[in-house]
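> My questions concern the predicted model and sequence given below.
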Amino acid sequence: MQILDAAAELFAAQGFPATSVKDVADRVGMTKGAVYFHYPTKEALTIAVVEAHYARWPGLLEAVQAKGLGPMDTLLELLDHTAAAFQDDPVVQAGARLQMEQPLPIDTMPAPYVGWLDLLEQLLAEAEEAGELRAGVSPAAAARVLVSTFFGTQHIAARLDHRAETTKRWSEARDLLFLALRA
């Protein structure tokens, strides 16, 4: 895990092209050979970081659902915690950056956004059934807008202030969107 965390920090800070296996090895105080023992290529290390990024989300969803909130509040809480992860978690930051850079063939890494679209549409459909979604709002369309807004917000925060204001930028967008979505 030490190697993966070091790679994530480097990928998040400087991207795929500027990060070498030697950089990762130096960060953890190992030889390149020791890193290659665990990850046979830089590409394998990249895939492992992206997979670790995706592995964060089920636990986060489970923790939010354990609170027993309604569908709209679950959705809101999930996205707020996700914004905090994009702001503070190097693995999440690296996974996002690597997927934006697309350093590997497209079929090598998970398809970005698809799981989020499905999950948010499901939560919004539950909100609709519970009478929490504004009448006439399509759960599928709302999910697409939320995903686009959320990931656009985190991308802008990454580029303009190195993610320091990710949660602030998200809360501003969230407040406007949820005014339009809530019944």
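Right, received. Where do you want to start? Residues are numbered from 1 along each chain as shown.

> just the helices in the chain please.
2-14, 21-28, 32-38, 42-65, 71-88, 90-101, 114-129, 139-161, 166-181 (DSSP state H).

> Buried ones in the second one, by neighbour count?
By that I understand helix 21-28. 21, 23, 24, 25, 27 (16 or more other CB atoms under 10 Å). Bear in mind the C-beta positions are built from the backbone N, C-alpha and C, glycine included.

> wait, what's in contact with the fourth one?
The reference is to residue 25. 31, 32, 34, 35 (CB atoms under 8 Å, 6 or more residues apart in numbering).

> Compare these and tell me which is most surrounded.
residue 35 (23 neighbours; other CB atoms under 10 Å).

> Residue 3 is in contact with that residue, correct?
Yes: applying CB atoms under 8 Å as the test, residue 35 and residue 3 come out as touching, 5.8 Å apart.

> Find residues that contact each of those two.
Shared contacts of residue 35 and residue 3, counting by CB under 8 Å, 6+ apart, come down to 24, 28, 45.

> So which residue is dead centre in the chain?
Residue closest to the mean C-alpha point of the chain, counted by CA atoms, centre = their mean, is residue 92 at 5.4 Å.

> ok, that one to residue 56 distance?
Distance of residue 92 to residue 56, computed by CB to CB, to the nearest Å: 6 Å.

> list the residues that contact both of these two?
residue 85.

> returning to what we had before: could the helices of the chain be laid out in TSV, adding mean pLDDT?
Output for the helices of the chain, formatted as TSV (pLDDT from 0 to 100):
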stretch	mean pLDDT
helix 2-14	96
helix 21-28	97
helix 32-38	96
helix 42-65	95
helix 71-88	97
helix 90-101	94
helix 114-129	96
helix 139-161	95
helix 166-181	97
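
> Select, out of those helices, the one closest to residue 108.
Closest of the helices of the chain to residue 108 is helix 42-65, at 6.4 Å (criterion: CB to CB).

> For stretch 94-102, which residues meet the burial criterion?
94, 95, 96, 97, 98, 99.

> Let me see the contact set for the last one.
Pointing back at residue 99 there. Contacts for residue 99 (CB under 8 Å, 6+ apart) come out as 50, 109, 112.

> Restricted to buried residues, select the residues you listed in PyMOL.
Remark: buried members of these, expressed as a PyMOL selection using 16+ other CB under 10 Å:
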select buried, resi 50+109+112
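
> Go through the contacts of residue 99 and say which is closest to residue 72.
So of the contacts of residue 99, ranked by how close each gets to residue 72 (CB to CB), first place is residue 112, at 24.6 Å.
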